[in-house]
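A.B. asks: mind folding the following:
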Amino acid sequence: MEKLAILGASYLQAPLVKKANSLGIETHCFAWDNNDAICKNIAHHFYAISVLEKELILKKCEEIKIDGITTIATDIWVPTIDYVAEKLKLNSNSVASSLLSTNKGKMREAFRKNGVASPMFRTITGHSELESPAVFNYPLIVKPTDRSGSRGVSKVENEQELIKAVDSALEESLEKKVVVEEFFEGVEVSVESISWKGDHYILAITDKVTTGAPFFVEI
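C.D. replies: Numbers count the residues shown, from 1 in each chain. Now for the predicted structure:
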């Protein structure tokens, strides 16, 4: 029986676990053991290991002799997935690409380095690193570099709001870094795709509906 490692065990990963089970695949879930970890009662095996503990997950996956590792509905665990897959020589994206696509600070730096148009930004570790407000044009967007689902994101209109927003975003950030960037008006869309061996397939382009300013939580 093929063995699949799945990072995360909440209701968001439950459809993946159930589908794999229905295909006769042995499922191995990794997540914090809390009330949200409903997949521990659905997967064949459950391990109370944080999805950010890549070395521990790698060691367990080596013991299990997994055939693949994946997740759905989250961004922050992708670097762990690609790290484990790369070490075990399984199909995956590169670790380098996973960091660029999930860390907003690194992504903005890559845009700037390669001439891709994007808002003026700074990556900081505290509001004490902010230069004079004149450097930016308000309103601004403040966000943790390494979270998803609009967690810690806020729109600010002045310096007082900026300081509070930076502190709030830092609390949410795993690496304790924040991106401050100029706010752009416009339509926001979500693009779903699959990439395989250098070919890219667009599955859907959908309008992103949010709660609006200041937090923009997707609904």
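
A.B. asks: show me where pLDDT drops low in this protein?
C.D. replies: Judged against pLDDT under 70, the low-scoring parts of the chain cover residues 131-135.

A.B. asks: tell me the gap between the lengthiest helix in it and the middle of its chain.
C.D. replies: Longest helix in the chain by number of residues (criterion: DSSP state H): helix 159-172. Relative to its parent chain, helix 159-172 has a centroid offset of 20 Å by C-alpha atoms, centre = their mean, to the nearest Å.

A.B. asks: packing partners of it?
C.D. replies: Under the contact definition 3 or more C-beta pairs under 8 Å, 6 or more residues apart in numbering; DSSP states H and E, helix 159-172 sits against strand 140-144, strand 154-156, strand 178-182. Bear in mind the C-beta positions are built from the backbone N, C-alpha and C, glycine included.

A.B. asks: looking at those, which is buried most?
C.D. replies: Ranked by mean neighbour count, those are led by strand 140-144 with a mean of 24 (mean count of other C-beta atoms under 10 Å).

A.B. asks: tell me the strands beside it, with direction?
C.D. replies: For strand 140-144, the pairing partners within the sheet under DSSP bridges are strand 154-156 (antiparallel), strand 178-182 (antiparallel).

A.B. asks: kindly reformat those as TSV containing distance to Arg108.
C.D. replies: Supplementary listing: these in TSV, determined by distance: least, C-beta to C-beta, whole Å:
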stretch	distance to Arg108
strand 154-156	17
strand 178-182	6
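
A.B. asks: looking at those, spot the one closest to Thr71.
C.D. replies: For the strands paired with strand 140-144, proximity to Thr71 was assessed by C-beta to C-beta; strand 178-182 is nearest, at 23.5 Å.

A.B. asks: for Asn21, find the nearest of the strands paired with strand 140-144.
C.D. replies: Nearest to Asn21 among the strands paired with strand 140-144 is strand 178-182 (38.8 Å), distances taken as C-beta to C-beta.

A.B. asks: just give me the residue right at the centre of this protein.
C.D. replies: The geometric centre of the chain, computed from its C-alpha atoms, lies nearest to Asp75 (C-alpha atoms, centre = their mean), at 2.3 Å.

A.B. asks: correct me if wrong: it contacts Arg151.
C.D. replies: No. In terms of C-beta atoms under 8 Å, Asp75 does not count as a neighbour of Arg151; the distance is 10.5 Å.
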